[in-house]
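Participant: could you work out the structure for the sequence below:
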Amino acid sequence: MASSQSPQQGKAAEDKKLDDLVASTDTGARDPDNSAAKWTILGVALTWSLFQLWYASPLPFILNIAILNDTEARAIHLAFAIFLAFTAYPTLKSSPRNKVPVQDWLIAGVAAFCAAYQFFFYEALAGRVGLPTWYDTVVACVGMVCLLEATRRALGPPLMIVALVFLAYVFFGSSELVPNVIQWKGASLDKTMWHQWLQTEGVFGVPLGVSTSFVFLFVLFGSLLDKAGAGNYFIQVAFALLGHLRGGPAKAAVVSSAMTGLISGSSIANVVTTGTFTVPLMKRVGFSSEKAGAVEVGSSVNGQLMPPVMGAAAFLMVEYVGIPYFQVIKHAFLPAVISYIALLYLVHLEALKGDFQALSKPQEPKPAKWMLIALGLTVASIAIIAGAVYWLFELAGLLAQSSNLLWAVVLIGALQMALYFGVSRAVPADSRWKLVSTGAIIACNVVIGAFGVYGLVKLVTALFGGVAVYVMALLVFAAYAALVWYATRVPELELDDPNKPVYRLPEVGPTVKAGLYYLPPVGVLVWCLMIERLSPGLSAFWATAFMLFILVTQRPLKAFFRKSSDYATQMKASGIELLDGLIAGARNMIGIGVATAAAGIIVGTVTLTGIGQVMTEFVELISGGNIILMLLFTALLSLILGMGLPTTANYIVVSSLMAPVVVQLGSEVGLVVPLIAVHMFVFYFGIMADVTPPVGLASFAAAAVSGGDPIKTGFTAFFYSLRTVVLPFVFIFNTELLLIDVSGPIDFILVVSSALAGILVFAAATQGYFAARSKIWESALLLLVAFTLLRPGYWMDQMIPPYRTVDPTQITERAAEAPAGDSLRVVIEGLTIEGEEARKTVLLPLGPAEGKSGVQRLQHAGIMVQTMGDQVQITNVVFNSPAEKAGVDFGWKVRGLQVPTQQPPKELFFIPALVLLGGVYLLQRRRNPGRPAPKPQPQGAGAE
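Facilitator: Sure, this is the predicted structure:
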């Protein structure tokens, strides 16, 4: 019997299914019919958001009211998260979602009390450190059971099972069932519960602290931004700019997911949010269901690697690696960006291989005279702005430090015009140069805008001194009001239905204008983080406060500028959006709060039992000491450990267990890698678990959107993600990719351009298409070119070793001669705590050079040495010093100093690589001298 369901009903059912998918993983799937239950859940979520805003703000210290220490705040944070986990998430998938059973209310209350126990009895617990009462132990045990159940409800079984395995290891580590290599003596119940629940080593440790201090505010900021309409704006802008290119919907999916990923903490939510719009359009222009889903997975999961949030892992890295937040963002930026650019290029090649059609572009007639007028106005504007800024800076006495900035703005403006009028308008829409020029023009706009804002702030600071911050606040609010007025000159953006028989791409101009006022709060966030170097929590607070202001005012301001009289209606709608944003932000945090607490069990187990050393021995055993095999096994284990885990828990687990493996085994074979590179390595592979079957959650979400096969979607997405998989292996050996030890603008340009070219060539090699379909030997040559561009130092190292070993007795002399901020590369040898002989290579940072002797500079690194004949022995290691963190121990001997050799520039190998690349390109152009222009999709064409 045929179904009587209408297409509209089918679409509504599909949308509800996707909403339930996001709710079941991010916000909680319960929607009680009982108004009291509904309002209780919403009220608790709202209170949580308000509490976090209060805790992050300077108000407690200004008013001297409700000042909380870190432990108390973490306890309250987990109490809110665990209460909402039991009330917002059903017990089982089959459980009713329209009511909250009585037992869940009771469990939620008990669990919240156990979580808040350290808040209620903080002073009493501080007075009996390490000596828990029976009551303490009972509360800890009940709380632990409740936390594990809350984790299962909110995140599914994987993290709960991993936490249970680690807890079982704590108690039964000496059992005969445990392999000898990982056995340990075990711990009592009192000791374990004190360690895991009643102090800050386990559940209430660093991960939950980061969730409390930083993550909540960023998630709330993203939620408010989305409620204001920014998510729709990002998608529409991406389609307006890229939708008319060959494979345009897929390219727009990549860009919109990148913009969403900037503030998103969930790859699944990213997939569903952008995928419901982009996937049907990708299928319309020729992508199969699996390929469309795979593109969305690749771009959405990459959003977890994109600064400034990185799925909240950036803030955890600050704590675990011990470097400032700005440095984390700096190191993470280039790999994330080139990975996205490579995905854009990969999508372009996929469209060329399949000869996919393009969606038609709206006709925006621009007579030649108007183009000339626009050109003249652009040139005049740049000249006038440059001249005015030059004069103002000269007046303010800042010309010496600003002239380079002005020249940079002028040159970038000229480059932008050259690209627009000389390249972008001249090349066909399906050309890769069209894609490159479009991206370069956007980048030029961003850079000019950033320079302009930087120059303006410097000018205001020079002119207004101590009150400059208030002047800047007024200017920001004025800019916001002006952009809202500008937005009222064009129609409101509406989210088009990509499943409609007729789909028309939005026009670029009106689309961009309609939401420019969403950019100031993002600018405030970036400015506070990158320029003012405020803490991430305080930066997010000011940006979130600005977003609260926008949600309250954007509708009334639009009504005022449009001379509408329905202020009351608009104010009411603004209030509802504000409350929705605050509640949604808290509900989005339930899973993250519970996940960081549960992951704390794993961290606590590592610190209590020393299981991390066992992982090192295991990887060393199976890799046989081979560095490449060690990295491969570490990557595989990171991927396995990350399966089914949200981003925050994922990073906590892989960084606790696998990062020490790379550090320890690498130092034993002479591979000394900065700690941030190691953490980025394991994090990248942990995130790949969201892509890879059989547990790739993002791939299953994308298959639900596209209607494709989940397993096939997952494997296709992993194939598309090979460009992301190869990057960690590159930056382990070539840390310049993380912008480490990059000196000067020329060096920076070489690093960026070679990395970008290398990853694009790698994408072409893996896709089997460059200028034409590649033969196997051509793909092999492209892989060789990509390897050379990404790691040119490999070939130079084969010709001339990068280091030579000198006599260890020169250690103080070499330390004294080293430049300021340099490090000494030292080979040491000695007995480990287990009584085994070990040899490793370590880097000792020497700090300032001026007026410091070699002995003082070694003390800065944390060691003292004594020379006895031809041997040098370490006589002291300072606790928590760089030397101690690197694994240097008292009584070890210095066996050698490794100093750099004089190598020719490794960039010389770019020349043969580029010649080889040009040869492959010419060969393929002979086979494929030209491609027909893409056929625009007729406006009335239906979905595929």
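Participant: what separation do you get for Phe541 and Ser213?
Facilitator: 10 Å (Cβ to Cβ, to the nearest Å). C-betas here are computed from N, CA, C, even on glycine.
Participant: so what sits against both of the two?
Facilitator: Counting by Cβ atoms under 8 Å, 6 or more residues apart in numbering, the common neighbours of Phe541 and Ser213 are Ala56.
Participant: would you map the helices across the stretch 401-550 of the chain?
Facilitator: Taking DSSP state H, counting those that start in this stretch as the criterion, the stretch 401-550 of the chain carries its helices at 432-464, 468-487, 508-513, 519-530, 536-561.
Participant: nearest to Tyr233, out of these?
Facilitator: If you check each of those against Tyr233 by Cβ to Cβ, helix 508-513 wins as the nearest, at 8.1 Å.
Participant: what helices or strands is that closest one leaning on?
Facilitator: The criterion is 3 or more Cβ pairs under 8 Å, 6 or more residues apart in numbering; DSSP states H and E, and the helices and strands that helix 508-513 contacts are helix 230-242.
Participant: and the next element down the chain from the helix it packs on?
Facilitator: Under the assignment DSSP states H and E, the closest C-terminal helix or strand after helix 230-242 is helix 248-261.
Participant: which other helices and strands contact that next one?
Facilitator: helix 230-242, helix 267-285, helix 289-302, helix 325-354, strand 358-359.
Participant: reformat those as CSV; add distance to Thr805, mean pLDDT and mean neighbour count.
Facilitator: Rendered in CSV, the data for the helices and strands packed on helix 248-261 read as follows (distance: least, Cβ to Cβ, whole Å; pLDDT from 0 to 100; neighbours: other Cβ atoms under 10 Å):
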stretch, distance to Thr805, mean pLDDT, mean neighbour count
helix 230-242, 54, 82, 24
helix 267-285, 46, 77, 26
helix 289-302, 41, 86, 30
helix 325-354, 29, 86, 22
strand 358-359, 60, 68, 24
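Participant: my guess is Thr832 contacts Ala838, does it?
Facilitator: Yes. When contacts are counted by Cβ atoms under 8 Å, Thr832 is listed as touching Ala838 (5.0 Å).
Participant: ok, back up a step: which of the helices of the stretch 401-550 of the chain has the lowest average pLDDT?
Facilitator: Taking the mean pLDDT of each of these, the lowest value is held by helix 432-464, a mean of 65.
Participant: the top helix by length along the chain to helix 536-561, inter-axis angle?
Facilitator: The single longest helix within the chain, with elements called by DSSP state H, is helix 567-609. Put simply, helix 567-609 runs at 170 degrees to helix 536-561, going by axes from the mean of the first three to the mean of the last three Cα atoms, to 10 degrees.
Participant: quick check: next helix or strand after helix 567-609?
Facilitator: Following helix 567-609 in sequence order, the next helix or strand is helix 611-623 (DSSP H and E).
Participant: who are the packing partners of the helix or strand following that next one?
Facilitator: Beyond helix 611-623 on the C-terminal side, the first helix or strand identified by DSSP H and E is helix 627-641. The helices and strands touching helix 627-641, judged by 3+ Cβ pairs under 8 Å, 6+ apart, are helix 611-623, helix 647-657, helix 659-668, helix 675-687, helix 722-733.
Participant: if we go to 7 Å?
Facilitator: Identification of packing neighbours for helix 627-641 by 3 or more Cβ pairs under 7 Å, 6 or more residues apart in numbering; DSSP states H and E yields helix 611-623, helix 647-657, helix 659-668, helix 675-687.
Participant: what ranges in the stretch 751-900 of the chain fall below the confidence cut-off?
Facilitator: Per-residue confidence for the stretch 751-900 of the chain (pLDDT under 70) gives these ranges: 834.
Participant: can you give me the helices in it?
Facilitator: Secondary structure of the stretch 751-900 of the chain (DSSP H, counting those that start in this stretch): helices at 776-790, 793-799, 811-817, 854-861, 882-885.
Participant: quick one: closest of the ones you listed to Gln183.
Facilitator: For the helices of the stretch 751-900 of the chain, proximity to Gln183 was assessed by Cβ to Cβ; helix 882-885 is nearest, at 27.3 Å.
Participant: where does pLDDT dip in the stretch 151-300 of the chain?
Facilitator: In the predicted model of the stretch 151-300 of the chain, residues 181, 261-266 satisfy pLDDT under 70.
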